[in-house]
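Trainee: need a structure here:
(one chain, ligands or ions: 1)
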Amino acid sequence: MSTVLTHVTDELQSIFDRARSVAVLTGAGISAESGVPTFRGGGDSEIWTWRGRPVTELSSAELIATDPQLVWEWFDYRRGMLTSVEPNAGHRALAEWERRFEDFTLVTQNIDDLHRAAGSLNVLELHGNIWRARCLRCASTFEARESPLEENPPRCLACNGPARPDVVLFGELLPDGVFERAEEAAARADLFFVIGTSAVVYPAAGLPITAKRRGARIIEVNPEMTDISFIADVTLLGKAGELLPQFLKERG
Ligand SMILES: [Zn+2]
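Mentor: As a prediction, the model looks like this:
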């Protein structure tokens, strides 16, 4: 069982300060603190259906094959909600951590781009990015930031073919190579943070387990206990936006 804390103690701070290789996995919880609605799991802003359809159907590989325009309408709606959203203190602290450690890897299950908006440079996006499109004809990817969309579906900059959101939909595999890089980072880490995610969704759920097997300390940051708590060395109970900046405080 993990040690449960509600703030960063001196002992935890010294573990952090001495770490050489740090890997972080973030999930919907850190974005929820910025007001990004979650589509699965707890929270008041939970959305399960849109226009009478379950979100699992709207974000599915099946629907992109039959009705990409409807998938884009759904994503256009979600992008519209994100235009007024800002990264929070948790995102900003992680961008600072990246500058502090020689070996630092940020892995996220979020597609909202808030880590980059906060200044993180290297982000392994397991589920893609909502502001990127991928051509259905030639597979090239490109930034597509206009909200609302000017054209549905957006057209590929290279071949003018129709494009889809460059995100991982239900029923699809993770993008090539991204998970492998995340797993290498987990295996190298001596400190592994799981932030704002119950990490129950495989394969991401395997990352803290890989880190643990290779001898890393696991630190969980979440407002409540999760399925990860039983392998975590420390569970920091609370908001990422309040807890993560505490590691950066000067101590006298
Ligand atoms: Zn193309």
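
Trainee: Hmm, E150 and W72 touching each other?
Mentor: No - with the criterion set as CB atoms under 8 Å, W72 and E150 do not qualify as a contacting pair; they are 11.4 Å apart. Backbone N, C-alpha and C define where each C-beta goes, glycine included.

Trainee: With adjacent residues omitted, what lies nearest to V167?
Mentor: Excluding the flanking residues, the one nearest V167 by CB to CB, 6 or more residues apart in numbering is G128, at 3.7 Å.

Trainee: So that neighbour versus E102, what's the distance?
Mentor: Plainly put, G128 is 28 Å away from E102 if you go by CB to CB, to the nearest Å.

Trainee: Tell me which of the two has more neighbours.
Mentor: When neighbours are counted by other CB atoms under 10 Å, G128 comes out ahead of the other of G128 and E102, with 19 against 7.

Trainee: what's across from S21 in the sheet?
Mentor: Residues found in beta-bridge contact with S21 (criterion: DSSP bridges) are D103.

Trainee: and this structure, which residues reach the ion?
Mentor: Taking CB under 5 Å from the ion as the criterion, the chain approaches the ion at residues 135, 137-138, 156, 158-159, 161.

Trainee: Out of these, who's the most crowded?
Mentor: Each of the residues of the chain next to the ion was scored by neighbour count (other CB under 10 Å); the top score is that of C135, with 22 neighbours.

Trainee: so who does the residue nearest to that one when sequence neighbours are not counted touch?
Mentor: Nearest residue to C135, sequence neighbours excluded (CB to CB, 6+ apart): C156, at 3.7 Å. Shown here is C156, whose contacts under the criterion CB atoms under 8 Å, 6 or more residues apart in numbering are 133, 135, 137-138, 140, 142, 162-163.

Trainee: Would you convert those into a markdown table that also reports secondary structure and distance to H7?
Mentor: Compiled in a markdown table, those are given as follows (DSSP: H, G, I helix; E, B strand; the rest coil; distance: CB to CB, whole Å):
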| residue | secondary structure | distance to H7 |
| --- | --- | --- |
| A133 | strand | 42 |
| C135 | strand | 48 |
| R137 | coil | 53 |
| C138 | coil | 51 |
| S140 | coil | 47 |
| F142 | strand | 44 |
| P162 | strand | 51 |
| A163 | strand | 46 |
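
Trainee: Which single one of those residues is nearest to P203?
Mentor: The nearest member of the contacts of C156 to P203, counting by CB to CB, is A133 at 24.5 Å.

Trainee: Looks like the closest one contacts P165 (just checking).
Mentor: Yes - the pair A133 and P165 passes the contact test of CB under 8 Å, sitting 6.3 Å apart.

Trainee: No more questions from me, cheers.
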